[in-house]
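S.K.: Sharing a sequence plus its predicted fold:
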Amino acid sequence: MQRRGPPVPWCCHTTCGKGSPRIHKHHKLVTVLRTIRQDLADVLKAQAIIEACRHSGHRWRDRVLTPVAVIHWFLRQILLGNTAVEHVSLLAERTFNDSAYCQARTRIPLEVFRILLRNLNSALQPQTQTDGLWLGHRTFLIDGSAVSMPDTPELQSHFGQPGGQKAGCGFPVAKILAMFNFGTGLLMELAIAPLRTHEMSQIGLVHPTLQPGDVLVGDRGFCSFVHLAMLAQRGVHAVFRLHQRQIVDFATGRPFTGPKESGPQSKGKVRSRQIRKLGPLDQVVEWFRPASVPKWLETEKLAAMPDCVTVRELQYAIEKRGYRTRQIVLVTTLLDAEAYPAESLAELYGMRWRVEQNLRDLKQTLGMDILKCKSVDGVLKEIHAFAIVHNLVRVVMAEAAKRQGARPDRISFADALRWLESADFDMELPRLVVNPERPDRAEPRVRKRRPKQFRLMKIPRAKWKQNLSIQRFAA
């Protein structure tokens, strides 16, 4: 079914009957961004998208659904909470049906979206050099997550679904590895893989953005000899929580198991050599290269790594009134105890929680938690479109923070999103909501509102319908 609306001129600027300039609907986002940063608007302007399409070898006819219009409307669709396809023609005030829009979006290569995201992050690169540095270092937060998508044979075959669910009763799930800039919250790198893929197998895809001297902060899942060696080769520092299988001992002169020793006699013993003590619970040690090769790593790459890496292990306690004291052990390649005190490292790792907030903004506030595309290529495009919109919102937050004298992470993501979607062509950025600082706030991960008490689907829908038909005829 076609949606009807008033005819709108195709060009960017035309003249209405009163002689005033009129801007086409699909250029609204670029025009709004121009009021904030011209270089940012240039990344999404028509010429930039056309160049990305030509670089990808894409050819098209100059009609209503050109790549420029489709990409702009796709981003606006995401801004509105990934609204239905039927809504797009109403937003565009153009006459085209839903199928035509979907086909035009399908024809645009995935590489175009990757180029646009890469160009956007390149334009934002200078901002990461100055904003939110930690002790003079650019700092990045890394974490993994997952997103769900429609239950189609193609997506099931490529991504897979969680175990314990019968065929036809679950949804495909993709793993996402995301790296955010600590100071700005910008999503700098993104890796997408099937559900049963080890996160570390995708780690090399997010490293290219890192520069010598940068600091990468992650949880215990990223703490391994291989990852530390990979970062050391790039001159990048790491601050990770100690992996649960790694044994640590701060006793002076404690024995250790050598790199070539294995077997039952070495079980439960420390596998690192102590070099020097920096404090009672602070030491510099050498980690040895493991004898066994991780499943996600090629044997040749492990053999090319050094025999050992020098790291610093430190332990601190989290004490809160009314809560049990927790002992945290960090592993870092920042060995200078004077330049990088244990208290500063503990504070930095405490702020690692920002990555969880960033993923919440991306998945819950923007709506990336449940995708809508039904093909692998469409899912990848959809995720990249979400990443572009996320970074555009972060730029609005950064600009509002400068004008209001607040930190970017204190500006409300939801309020910046609402303004970016609803702002008109000549609307200035208003004062956005500033969230108060609540460092000790803790909310349980529970829901108060009860969902409808329907049974869970434990057999495929077709089987359910067949059973209902049998019961109806039997009655």
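M.R.: Happy to help now that I have it.
S.K.: Helix, strand, or coil at the most centrally placed residue in the chain?
M.R.: Nearest to the geometric centre of the chain sits residue 178, at 3.6 Å (CA atoms, centre = their mean). Secondary structure state of residue 178, per DSSP: H, G, I helix; E, B strand; the rest coil, is strand.
S.K.: Any idea what it is bridged to?
M.R.: residue 143, residue 190 (DSSP bridges).
S.K.: Which residues lie in contact with it in this structure?
M.R.: Going by CB atoms under 8 Å, 6 or more residues apart in numbering, residue 178 touches 142-145, 187, 189-191, 206, 355, 358-359, 362. C-beta here means a position set from N, CA and C on the backbone, and glycine is covered the same way.
S.K.: of those, closest to residue 224?
M.R.: Nearest to residue 224 out of those is residue 142 (CB to CB; 13.2 Å).
S.K.: how many neighbours does the closest one have?
M.R.: Residue 142 has 24 neighbours, counted by other CB atoms under 10 Å.
S.K.: Helices along the stretch 301-450 of the chain, start to end?
M.R.: In the stretch 301-450 of the chain, the segments counted as helices under DSSP state H, counting those that start in this stretch are 342-350, 354-360, 376-404, 413-422.
S.K.: and of those helices, who's closest to residue 38?
M.R.: For those, distance to residue 38 was read as CB to CB. The smallest value, 12.1 Å, belongs to helix 376-404.
S.K.: Which residues belonging to that closest one are considered buried?
M.R.: By neighbour count on 16 or more other CB atoms under 10 Å, the buried set for helix 376-404 is 376, 378-401.
S.K.: Let me have the contacts of residue 178 in CSV, adding pLDDT as columns.
M.R.: Shown next, in CSV, are the contacts of residue 178 (pLDDT from 0 to 100):
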residue, pLDDT
142, 96
143, 95
144, 94
145, 95
187, 96
189, 93
190, 93
191, 95
206, 92
355, 94
358, 95
359, 96
362, 95
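S.K.: Which one (most neighbours) among these?
M.R.: Counting neighbours by other CB under 10 Å, residue 362 comes out on top of the contacts of residue 178 with 27 neighbours.
S.K.: need the contact list for it.
M.R.: Neighbour list for residue 362: 178, 187, 368, 386, 387, 390 [criterion: CB under 8 Å, 6+ apart].
S.K.: Restricting to C-alpha, output stretch 398-405 in CSV.
M.R.: What follows is stretch 398-405, C-alpha atoms only, in CSV (Å, rounded to 0.1, in the frame of the first residue of the first chain):
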residue,chain,number,x,y,z
ALA,A,398,29.5,16.9,24.2
GLU,A,399,28.4,20.2,22.8
ALA,A,400,25.8,20.6,25.4
ALA,A,401,28.4,19.8,28.1
LYS,A,402,30.7,22.6,26.9
ARG,A,403,27.9,25.1,26.9
GLN,A,404,26.5,24.1,30.3
GLY,A,405,29.8,23.5,32.1
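S.K.: Give me the contact list for that stretch.
M.R.: Contacts of stretch 398-405 (CB under 8 Å, 6+ apart): 36-37, 127, 131, 184, 406-408, 410-411, 416, 429, 431-432, 434.
S.K.: what's the spacing between that stretch and its chain's center?
M.R.: From the chain centre to the centre of stretch 398-405 is a distance of 23 Å (CA atoms, centre = their mean, to the nearest Å).
S.K.: ok, which stretches of this structure are strands?
M.R.: Here the chain has its strands, by DSSP state E, at 13-15, 21-23, 139-148, 173-181, 187-194, 215-218, 237-241, 272-279, 282-288, 308-318, 326-332.
S.K.: quick one, which of those is nearest to residue 73?
M.R.: strand 21-23 (14.6 Å).
S.K.: Let me know the average pLDDT across the closest one.
M.R.: Averaging pLDDT along strand 21-23 gives 42.
S.K.: And stretch 275-283, by the same measure?
M.R.: Averaged over stretch 275-283, pLDDT sits at 94.
S.K.: on that earlier part again, let me have the contacts of residue 178 in a markdown table, adding distance to residue 304 as columns.
M.R.: Listed next are the contacts of residue 178 as a markdown table, based on distance: CB to CB, whole Å:
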| residue | distance to residue 304 |
| --- | --- |
| 142 | 23 |
| 143 | 28 |
| 144 | 26 |
| 145 | 31 |
| 187 | 31 |
| 189 | 23 |
| 190 | 27 |
| 191 | 22 |
| 206 | 20 |
| 355 | 30 |
| 358 | 34 |
| 359 | 33 |
| 362 | 35 |
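S.K.: Of the helices of the stretch 301-450 of the chain, give the one that comes closest to residue 167.
M.R.: Proximity to residue 167, assessed across the helices of the stretch 301-450 of the chain by CB to CB, is greatest for helix 376-404 (18.7 Å).
S.K.: could you give the angle of the closest one to strand 173-181?
M.R.: Relative orientation of helix 376-404 and strand 173-181, computed by axes from the mean of the first three to the mean of the last three CA atoms, to 10 degrees: 30 degrees.
S.K.: Distance from the chain centre to helix 376-404, please.
M.R.: Helix 376-404 has its C-alpha centroid displaced from the chain centroid by 10 Å (CA atoms, centre = their mean).
S.K.: what angle do that helix and helix 413-422 make?
M.R.: For helix 376-404 against helix 413-422, the angle by the same axes, to 10 degrees is 100 degrees.
S.K.: follow-up on the earlier one: can you redo the helices of the stretch 301-450 of the chain as a markdown table with distance to residue 269?
M.R.: Output for the helices of the stretch 301-450 of the chain, formatted as a markdown table (distance: least, CB to CB, whole Å):
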| stretch | distance to residue 269 |
| --- | --- |
| helix 342-350 | 25 |
| helix 354-360 | 34 |
| helix 376-404 | 44 |
| helix 413-422 | 47 |
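S.K.: Go through those and name the closest to residue 301.
M.R.: helix 376-404 (25.9 Å).
S.K.: So, low pLDDT: which residues of the stretch 251-400 of the chain?
M.R.: Residues of the stretch 251-400 of the chain meeting the criterion pLDDT under 70: 260-268, 321-325.
S.K.: repeat that for 80
M.R.: Along the stretch 251-400 of the chain, segments meeting pLDDT under 80 span 258-269, 319-325.
S.K.: Double-check residue 308 against residue 289; I have them as touching.
M.R.: Yes: using CB atoms under 8 Å, residue 308 is in contact with residue 289, at 6.5 Å.
S.K.: Could you name every residue contacting both of these two?
M.R.: residue 259.
S.K.: quick one: the nearest residue to residue 342 once chain neighbours are set aside and residue 353, what's the gap?
M.R.: Distances taken as CB to CB, 6 or more residues apart in numbering place residue 314 nearest to residue 342, at 4.9 Å, with adjacent residues excluded. Plainly put, residue 314 is 19 Å away from residue 353 if you go by CB to CB, to the nearest Å.
S.K.: Fine, thanks again, bye for now.
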